[in-house]
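Peer 1: Let's see this in three dimensions:
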Amino acid sequence: MSQQDKATDDKPKSGSILDFQNAASYCQDQVKKYDFYSYHVGQAFPKNLQPYYYGIHALFLEALKSREISREQSVC
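Peer 2: Below you'll find the model as predicted:
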């Protein structure tokens, strides 16, 4: 396998959540859907910081969802 083949294998495939643009878009959509006020605040952030803001808030939303789904008391 040549160096060229290895370099192209390292790139995430189109549509993959490993692709930064897809992941950022997913996080932004989740925040917009479940926490519109945070989404609105995020719109005031500079464009280069917005993906990170939405990523943090999407992670927080996932933590809140896990509390609702889990039956384990230690999670709640």
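Peer 1: alpha carbons only for contacts and neighbour counts from here, please
Peer 2: Will do.
Peer 1: buried stuff in the longest helix along the chain?
Peer 2: When the chain is scanned for its longest helix (criterion: DSSP state H), the result is helix 50-69. Applying a neighbour-count criterion of 16 or more other CA atoms under 10 Å, one finds Gln50, Pro51, Tyr53, Tyr54, Gly55, His57, Ala58, Leu61 buried in helix 50-69.
Peer 1: so the fifth one touches Ser25, yeah?
Peer 2: No. Under the contact definition of CA atoms under 8 Å, Gly55 does not touch Ser25, with a separation of 9.3 Å.
Peer 1: what sits up against stretch 21-34?
Peer 2: When contacts are defined by CA atoms under 8 Å, 6 or more residues apart in numbering, stretch 21-34 is touched by residues Gly15, Ser16, Ile17, Ser38, Tyr39, Pro51, Tyr52, Tyr54, Gly55, His57, Ala58, Leu61.
Peer 1: Low-confidence stretches in this structure?
Peer 2: Along the chain, the model assigns pLDDT under 70 to residues 1-13, 70, 72-76.
Peer 1: center of it - which residue?
Peer 2: If you average the C-alpha coordinates of the chain and look for the closest C-alpha using CA atoms, centre = their mean, you land on Cys27, 3.5 Å from that point.
Peer 1: Gln43 against Gln50, yeah?
Peer 2: Yes. Distance between Gln43 and Gln50: 7.3 Å, which falls inside the contact criterion (CA under 8 Å).
Peer 1: So which bits of the host helix or strand of Asp29 are buried?
Peer 2: Using DSSP states H and E, the element containing Asp29 is helix 20-34. Judged by neighbour count using 16+ other CA under 10 Å, the buried positions of helix 20-34 are Ala23, Ala24, Tyr26, Cys27, Gln28, Asp29, Gln30, Val31, Lys32.
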